[in-house]
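Colleague: sequence plus predicted model, see below.
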Amino acid sequence: MQARRNELELKLIVPADFEMPPLEDRATGVLAASEEAPLRLSATYFDTPDLRLLEHGITLRYRTGDQDGPVWTLKLPSNGDSALRSELEFAGDPEQPPGEARELLFAFLRDGALAPVAELKSRRRRWSLAGEGGQKLAELVDDRVQVLDGKKIRDRFREIEIEAESIDRKGLQRIANRMRKAGAKPEQRSKASRALEALHKLKPEITEPVYPDDPATAAVRPALVAALRRLLSFDPHARLGEPEGVHQLRVSARRLRSVLRTFAPILHAEKTGPVIEDLRWLGQVLGDVRDLDVLDERLRSEADPEEVAPIFEALAARREVAAGVLTTALCSPGYLDFIERVMQLTADDTLTVESPGACQEVLPSLVERMWKKLRKAGRALDLESPEAGFHRARILAKRARYSAEVIAGFLKPKAKRELEDFAEGAEAVQTILGGHQDAAFARTTLLQIAAGHPGDKQLNASVRALVERQEQDAKAKREEFFEEWPKLDRKKNTKWVR
């Protein structure tokens, strides 16, 4: 892999006769605009025959004509944000997608092979936009694009892209607004998406919304599909070893499991059981890595890494092992089987039982099941309760929160707001108890590491100080919990319970 970066970019579509307005404008912060040498670009996009990458907003291309020479580029969406993508570049044979790129796309490709699906040629004009002191704010490009079908030109379009260099999204939007005043229109579809729509006469898939008066069972499929898409979107980022990617994939697995747990009373258990077991396994291997990432970050804010080097060496060794297990898991046939099973659930018309009623009447009771368990666990706690009791309450708060967030979108506005307020309260409790659990995990791990260095007096003294800090933090989190809990455990926050 040659390079990797996050790309913040806004796209606009313009007519062929669009006239570029003056780019210097103090209102946008652009004080100078210098035009650079034009480029002639030729790009071949690769996908599976059924266009799986396109479906998930991913593009893989081989392009020539750039200043730095030909390059493979993989663009991955970032958390559903069409303007923000991770961009990775690879060297390689123009006829064969790089192995590293295919490995990152393992969950999407499955049994599908990559092949050329679109060829584009572009004439690119480009400007460097600078602000105070000559600082480069952004790059603006004006592309005149031809979509080829063999030697025939199937479509043409003109697109403006504004890519941030040192400005934030608001600054980027100010420049885009100047283009809009001149006649440009927002267009966040990729060039590949526009090309494939032209070549294959694709039409945007229209998903029928689920209304509060629809059968409760109608909510299951969209909830499952959204959870699966979220999980797949973070899969490549976890494969890259990004701590945040691992974290978000773990959260996505939890949210998918929450969908199955929430809707359990109206699902056939024999169909969902295998997927729930898969999610337990996946959550464990992700958790083993994520917990160490959280602990490493926590300790670096509390101790000098040089003074307690053996601790960080031990943590790094543990993470390396855990990361190896995770990589093996994500590349295993079992992981692909899991994805296939979830996809089958989303298409299974017999997954649900006979509908017991409408969303508005039935779905809040599914969240109420989660709340009753949390309420019982929370009310049973006191300052001297065992750690296991607080850990259990944290898990139940998380389940209640996710359940409420899933169900809220299928209810009438008033009930939706009430459930969202409840979810915020459950999240506040979950966050506090999450801090309590982090302190408990840190203390246990520190003591384990110290036990491996019985003769290192300086290290053991540092560990004792760190352990004491974890115990103090845990005590503080318990006190915070008992301040926050009454705000959740009151009738005002559960008006959605009918």
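Modeller: Cool, got the structure. Residues are numbered from 1 along each chain as shown.
Colleague: low-confidence ranges in the stretch 351-498 of the chain?
Modeller: Counting by pLDDT under 70, the ranges of the stretch 351-498 of the chain that qualify are 498.
Colleague: rerun that using 80 as the cut-off
Modeller: Applying pLDDT under 80 to the stretch 351-498 of the chain flags residues 355, 498.
Colleague: just the stretch 1-150 of the chain next, same as before
Modeller: Short version for the stretch 1-150 of the chain, where the test is pLDDT under 80: 1-4, 78-83.
Colleague: mind running it again at 90?
Modeller: Across the stretch 1-150 of the chain, residues meeting the criterion (pLDDT under 90) sit at 1-7, 67-70, 77-85, 92, 95, 110-112.
Colleague: can you pull out the strands in it?
Modeller: 3-14, 32-47, 59-64, 71-78, 81-90, 115-130, 136-149 (DSSP state E, counting those that start in this stretch).
Colleague: can you list contacts of the shortest one?
Modeller: So that's strand 59-64. 41-47, 53, 70-75, 92, 94, 97, 101, 105, 114, 190, 192 (Cβ atoms under 8 Å, 6 or more residues apart in numbering). Using the backbone N, CA and C atoms, a C-beta is placed for each residue, glycine as well.
Colleague: now do the fourth one
Modeller: By Cβ under 8 Å, 6+ apart, the surrounding residues in contact with strand 71-78 are 2, 6-7, 56-63, 84-92, 97-98, 101, 104-105, 190, 233, 236-237.
Colleague: make a ChimeraX selection of the buried ones in the residues you listed.
Modeller: For the buried members of these, the matching ChimeraX selection, counting by 16 or more other Cβ atoms under 10 Å, is:
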select :7,56,57,58,59,60,61,62,63,85,86,87,88,89,90,92,97,98,101,104,105,190,233,236,237
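Colleague: re the thing from before, relative to residue 493, which of the strands of the stretch 1-150 of the chain is closest?
Modeller: strand 81-90 (30.7 Å; Cβ to Cβ).
Colleague: quick one: buried residues of stretch 114-131?
Modeller: Applying 16+ other Cβ under 10 Å to stretch 114-131 flags 114, 117-120, 122, 124-131 as buried.
Colleague: for it, the distance to its chain's centre please.
Modeller: Offset of stretch 114-131 from its chain centre (Cα atoms, centre = their mean, to the nearest Å): 26 Å.
Colleague: swap in stretch 360-369?
Modeller: 27 Å.
Colleague: pull the CA atoms of that stretch into CSV?
Modeller: Written as CSV, here are the backbone C-alpha positions of stretch 360-369 (Å, rounded to 0.1, in the frame of the first residue of the first chain):
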residue,chain,number,x,y,z
GLN,A,360,-47.4,2.0,17.3
GLU,A,361,-49.1,-0.5,19.5
VAL,A,362,-46.7,-3.4,19.6
LEU,A,363,-43.1,-2.1,19.3
PRO,A,364,-42.9,0.0,22.5
SER,A,365,-43.6,-3.2,24.5
LEU,A,366,-40.5,-4.7,22.9
VAL,A,367,-38.4,-1.9,24.4
GLU,A,368,-40.3,-2.2,27.7
ARG,A,369,-39.0,-5.8,28.0
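Colleague: go through it and flag the buried ones.
Modeller: Neighbour-count burial for stretch 360-369 flags 360, 362, 363, 364, 366, 367, 368 (criterion: 16+ other Cβ under 10 Å).
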